[in-house]
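>>> Fold the following.
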Amino acid sequence: MSRMLRLFAPKSVAVKPQLLREAVPFVLEDGRRIDVLRVRDPRAKRLKLSVDERGARLTLPWRASLVSGERFLYEHRSWLTAQFAGFTQPGIEPLAPGITAALPLHGAMLPLRWTEGRVHRAGVDESGAWFETPVRASAAASARALRDFYEAQGRAALGRWMPQYLAALPRPPARIVFKRTSSQWGSLAPDATLALDLSLVLARPSAFEYVLVHELCHLIRADHSRAFWREVEARFPAWRDERDYFHAEGRRLKAMLRVLVG
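Residues are numbered from 1 along each chain as shown. Sure thing, here's the model as predicted:
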């Protein structure tokens with residue numbers, strides 16, 4: 001009988017630690033209150049603090065104490081304050097129908113005029129940008145319409161630039177998508193899908209075009225070897241200027257888009 005019990009006794013199963021996330025309130029040196037995303041990650045080897053346009057993230061190894069995480073946050077309070085200051089855009093507020101007076105587009109701030117209409121529509125003319133919106137439209141609906149407007153502007157720019165580069169490529173991109181990314185400006189998937197960050201529409205046109213050329217050259221070389229950069233250089237000799245532009249302005253561009261379209 002004891003033998004049978006041993007045969008059918010349930011085996012203990014090791015529980016694999018899972019990723020745990022929670023928002024933790026924190027006060028910066030300038031008095032601003034933020035939420036820090038605290039993540040307990042079984043793969044993490046050390047405490048890590050990072051900031052992007054989505055907010056702050058504190059990563060803790062699985063066995064690290066919460067006290068050590070809090071201490072780490074306060075030790076890096078000055079750094080965290082400075083990082084958030086870099087994401088703050090003076091003069092850029094969430095889109096407010098009938099109130100917002102200017103929109104960033106193609107490296108400039110365009111005057112914006114509002115009109116009433118049955119549906120959301122937006123465009124650009126010789127006077128600047130215009131936005132038509134229903135009287136009772138919500139801020140969220142207007143922000144979605146603005147995102148659609150920005151994507152249309154991006155696709156119009158691609159339509160002007162692409163023809164001059166396609167002939168020298170082994171194949172065209174399978175498709176092109178715009179999306180919001182935290183750090184990248186573009187990427188080329190194995191299936192030849194070209195993804196571009198939507199905030200490129202806010203950048204100066206030459207910088208946007210450089211990112212397009214960079215990703216198209218990955219259709220020739222999938223790496224970042226010297227041979228790849230020779231392909232970029234042949235098509236866009238001023239690429240270093242645009243790389244420097246993104247180093248200086250990239251965070252600001254991504255922050256503006258986040259404020260405007262949510």
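>>> CA atoms for contacts and neighbours, from now on please.
Noted.
>>> Enumerate the positions of stretch 138-157 that are buried.
Residues 142-143, 145-147, 149-155, 157 are the ones in stretch 138-157 that count as buried (16 or more other C-alpha atoms under 10 Å).
>>> Identify the residues contacting it?
Contacts with stretch 138-157, where a contact means C-alpha atoms under 8 Å, 6 or more residues apart in numbering, come from 95-97, 120-123, 133, 178, 198, 200-201, 260-262.
>>> and if you look at stretch 107-114?
For stretch 107-114, contacts defined as C-alpha under 8 Å, 6+ apart pick out 97-98, 100-104, 127-133, 202-205.
>>> Which one (most neighbours) among the contacts of stretch 138-157?
residue 200 (29 neighbours; other C-alpha atoms under 10 Å).
>>> Surely that residue touches residue 186?
No. Between residue 200 and residue 186 there is no contact under C-alpha atoms under 8 Å: 9.3 Å.
>>> now residue 207: how far from residue 52?
21 Å (C-alpha to C-alpha, to the nearest Å).
>>> Pick out whichever of those two has more residues nearby.
residue 207 (23 against 16).
>>> in which helix or strand would I find that one?
Secondary structure from DSSP states H and E places residue 207 in helix 205-217.
>>> What mean pLDDT does that helix get?
Per-residue pLDDT over helix 205-217 has a mean of 98.
>>> next one: stretch 135-143
87.
>>> Tell me the span between the first and last residue of that stretch.
15 Å.
>>> next one: stretch 132-140
15 Å.
>>> thinking again about what came up before, who's in contact with the helix holding residue 207?
Contacts of helix 205-217 (C-alpha under 8 Å, 6+ apart): 106-107, 161, 165, 169, 173, 185-188, 194, 196, 200-201, 228, 231-232, 235-236, 239, 242-243, 245-246.
>>> Quick check: PyMOL command selecting the buried ones in those.
Of the contacts of helix 205-217, the buried ones go into a single PyMOL selection, burial set by 16+ other C-alpha under 10 Å:
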select buried, resi 106+107+173+185+186+187+188+194+196+200+201+228+231+232+235+236+239+242+246
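>>> Can you pull out the low-pLDDT segments for the stretch 51-200 of the chain?
53-54, 86-91 (pLDDT under 70).
>>> circling back to that earlier point, return the subset of the contacts of stretch 107-114 lying in helices.
Counting by DSSP state H, the part of those found in helices is residue 205.
>>> Quick one: buried ones out of the contacts of stretch 107-114?
Judged by 16+ other C-alpha under 10 Å, buried ones among those: 97, 101-104, 129-133, 202-203, 205.
>>> Output those in a markdown table; the columns should cover distance to residue 24.
Formatted as a markdown table, these follow (distance: C-alpha to C-alpha, whole Å):
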| residue | distance to residue 24 |
| --- | --- |
| 97 | 33 |
| 101 | 35 |
| 102 | 35 |
| 103 | 34 |
| 104 | 33 |
| 129 | 40 |
| 130 | 41 |
| 131 | 38 |
| 132 | 40 |
| 133 | 38 |
| 202 | 32 |
| 203 | 34 |
| 205 | 40 |
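>>> out of those, which one sits closest to residue 36?
residue 202 (27.9 Å; C-alpha to C-alpha).
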